[in-house]
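Visitor: have a look at this fold, sequence not included:
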């Protein structure tokens, strides 16, 4: 039977905040981590997949351990991306609603630094930061973390692979006598090295049942396509999921932009985010996605860290990730908080053999997704064409005289006859174009 937060030692004000947020039962990582973080003095490593409640696992004990009489920064939380940092900050603010004396600051990159410098002049107990912005503030003398008692590294596996130098700089600024809480979804060799180099010898390690919790509710499937049909197969899949929310992951920014353009042309409700976009644009797109104004998010792996959006029905790996750890973070965007979800990987024939490594490494099994046949693809493309026509705005610059000439051509046709004729014309043109493309490709070979 699951314990209550009160049994884990969480104080009444935090319990009330959790109740207001409709959080009643701790997750497994919370049950295991909270008592240790509250009552012991050792460093801590928590191994748990995405979507298992890691933020509350370290956030609730931290809030409880803060001494409000001490005006110095007592806790530094570092996240690899601003999206994740903002998510952690928002969660801590929500948890601390009934602890108004605690001050929390978000100092993440991508937004103006001057307001952050001003906010740090006030008493601050906890800072949530991205490495680059934190280093910038340290160099400017705008922040002092030399007295911090707690350091939290969230999504630490991402931190050491892409931000190691920055992390080293930050660790030099922190006191040696501190407690470090490290949370990660995977345990590559780099994480083990970091634990060995930067944490005390007496580290308490806790992990949840990785083979069940991390993948529970996710249906892992794959579909094999030739390059020429890849977009059509994807659009057929997306049409079958109309109204549901999903994320499509691409390897590169250029691939994200190209796919986003193609989906926009075909009137899919979508938006794109990657590292080259300005932070305000990324925030706007994410806001539209969270609020349901757009249903499809196309993203690089930047977005696999820090998207905690409810009701994501599916994830599409439009390109197979390079390593199994990346697949964990991508697929973990769906099936959150006990829900079910689909993770569909689109493969080219030569990539099928690579799936075995992912299955072995992650302890999962991929099943084959039934690819749409040629007729279904053709019908789906015709449906997309019809939707494009429906959503096309009238051209008010066309003269009435010319419009009347066009009307005269069609005036004797019923609505049904007109639809049949323009559909037949579209299918005929589409078939001719497809035939030409195939002939051209064969010649090139």
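Guide: In hand now; what should we look at? Bear in mind that the values here come from a model prediction, so they are computed numbers and not experimental data.
Visitor: is residue 46 in contact with residue 183, as I believe?
Guide: Yes - counting by Cβ atoms under 8 Å, residue 46 does reach residue 183; the two are 4.5 Å apart. For the C-beta atoms, the positions are set from N, CA and C on the backbone; glycine is no exception.
Visitor: these two: which is more packed in?
Guide: The residue with more neighbours, out of residue 46 and residue 183 and counting by other Cβ atoms under 10 Å, is residue 46; that gives 26 against 23.
Visitor: which strand or helix spans that one?
Guide: Under the criterion of DSSP states H and E, residue 46 resides in strand 44-47.
Visitor: residues in contact with whichever helix or strand comes after that strand: which ones?
Guide: Once strand 44-47 ends, the next helix or strand along the chain (criterion: DSSP H and E) is helix 54-65. The contact list for helix 54-65 (Cβ atoms under 8 Å, 6 or more residues apart in numbering) reads 5, 9-11, 14, 18, 23, 26-27, 29-30, 33-34, 37-38, 46, 48, 74-75, 77, 87-88, 91-92, 95-96, 99, 102, 126, 149-150, 152, 154, 181, 183.
Visitor: filter those down to just the buried residues.
Guide: Among the contacts of helix 54-65, the ones that count as buried by 16 or more other Cβ atoms under 10 Å are 5, 10, 14, 18, 23, 26-27, 29-30, 33-34, 37-38, 46, 48, 74-75, 77, 87-88, 91-92, 95-96, 99, 102, 126, 149-150, 152, 154, 181, 183.
Visitor: now stretch 123-135: buried residues?
Guide: Counting neighbours by 16+ other Cβ under 10 Å, stretch 123-135 gives 124, 125, 126, 127, 128, 129, 130, 131, 133, 134, 135 as buried.
Visitor: from these, which ones fall inside strands?
Guide: 126, 127, 128, 129 (DSSP state E).
Visitor: about what we covered before: in helices, which of the buried ones among the contacts of helix 54-65 fall?
Guide: Taking DSSP state H, the ones among the buried ones among the contacts of helix 54-65 that sit in helices are 14, 18, 29-30, 33-34, 37-38, 87-88, 91-92, 95.
Visitor: from those residues, pick the one nearest residue 295.
Guide: Of all those, residue 295 sits closest to residue 87, with 20.4 Å by Cβ to Cβ.
Visitor: ok, residue 262 touching residue 231?
Guide: Yes - using Cβ under 8 Å, residue 262 is in contact with residue 231, at 5.9 Å.
Visitor: neighbour-wise, which of the two wins?
Guide: Neighbours per residue, other Cβ under 10 Å: of residue 262 and residue 231, the larger number sits with residue 231, 18 against 15.
Visitor: test my guess that the more buried one contacts residue 258.
Guide: No - checked against Cβ under 8 Å, the pair residue 231 and residue 258 is beyond contact range at 9.5 Å.
Visitor: which residues touch the helix or strand encompassing residue 137?
Guide: Per DSSP H and E, residue 137 falls inside helix 131-139. The contact list for helix 131-139 (Cβ under 8 Å, 6+ apart) reads 76, 78, 80, 107-109, 113, 116-117, 120, 127, 143, 145, 159, 163, 166-167, 169-170, 173.
Visitor: and it, how far from the chain's centre?
Guide: 24 Å (Cα atoms, centre = their mean, to the nearest Å).
Visitor: mean confidence for that helix?
Guide: If you average the pLDDT over helix 131-139, you get 93.
Visitor: what of stretch 217-228?
Guide: Stretch 217-228 comes out at a mean pLDDT of 93.
Visitor: contacts for it, please.
Guide: Under Cβ under 8 Å, 6+ apart, the answer for stretch 217-228 is 233, 237, 331-332, 334-335, 338-349, 352, 355, 364-369, 371, 437-438, 441.
Visitor: circling back: wait, which of the ones in strands among the buried residues of stretch 123-135 is closest to residue 424?
Guide: Of these, the one sitting nearest to residue 424 (Cβ to Cβ) turns out to be residue 128, at 59.2 Å.
Visitor: quick check, residue 149 in contact with residue 181.
Guide: No - applying Cβ under 8 Å as the test, residue 149 and residue 181 come out as separate, 11.3 Å apart.
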